[in-house]
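> coordinates only, sequence not included:
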């Protein structure tokens, strides 16, 4: 846990969130600035700042995140969706805690702007 990290505080329950999924390794919640009718964030409970810090020692959590995404999509009958990860400020990462956006509920074209 990083005491200054927004997502670590959400995972710890210090900041309320619209939780949609939780297990021992992954926490998922509704994005507060959605870009689509369905917009969830999936985060590892272990603080990893970004994709460039994924290593052999922590990469298993990425698989767990994608398993969680599939579970949520199936349970909510979401058949078509996009998964997005931004790495670094210039790529649009605003919270430096590894996270994946699940967006769905509208037709999306390639290269759409504002996919946060």
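Looks like it came in fine. It should be emphasised that the depicted structure is a prediction, and the values quoted were computed from it without experimental measurement.

> for residue 70, helix, strand, or coil?
Three-state assignment for residue 70 (DSSP: H, G, I helix; E, B strand; the rest coil): helix.

> pLDDT score assigned to it?
On pLDDT, residue 70 comes in at 98.

> now it: how far from residue 77?
Separation of residue 70 from residue 77 (CB to CB, to the nearest Å) stands at 13 Å. (Each C-beta comes from the backbone N, C-alpha and C, glycine too.)

> and what of residue 52?
Distance of residue 52 to residue 77, computed by CB to CB: 34 Å.

> for residue 87, same thing?
Using CB to CB, residue 87 is found at 30 Å from residue 77.

> and these two? Which one has more around it.
residue 87 (16 against 6; other CB atoms under 10 Å).

> end to end on stretch 44-51, go ahead and measure it.
End-to-end distance of stretch 44-51 (CA to CA, to the nearest Å): 12 Å.

> longest strand anywhere in this structure?
Longest strand in the chain, counting residues (DSSP state E): strand 38-44.

> and that one, what does it pack onto?
Contacts defined by 3 or more CB pairs under 8 Å, 6 or more residues apart in numbering; DSSP states H and E place strand 38-44 against helix 6-11, strand 19-22, strand 26-30, helix 60-75, strand 100-104.

> so where's the chain shaky on pLDDT?
Applying pLDDT under 70 to the chain flags residues 111-116.

> can you rerun that using 50?
Low-confidence segments of the chain (pLDDT under 50): 114-116.

> one step back: now the helices and strands packed on strand 38-44 as JSON lines including mean neighbour count and distance to residue 39?
Below are these laid out as JSON lines (neighbours: other CB atoms under 10 Å; distance: least, CB to CB, whole Å):
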{"stretch": "helix 6-11", "mean neighbour count": "19", "distance to residue 39": "15"}
{"stretch": "strand 19-22", "mean neighbour count": "15", "distance to residue 39": "10"}
{"stretch": "strand 26-30", "mean neighbour count": "21", "distance to residue 39": "7"}
{"stretch": "helix 60-75", "mean neighbour count": "16", "distance to residue 39": "12"}
{"stretch": "strand 100-104", "mean neighbour count": "22", "distance to residue 39": "5"}
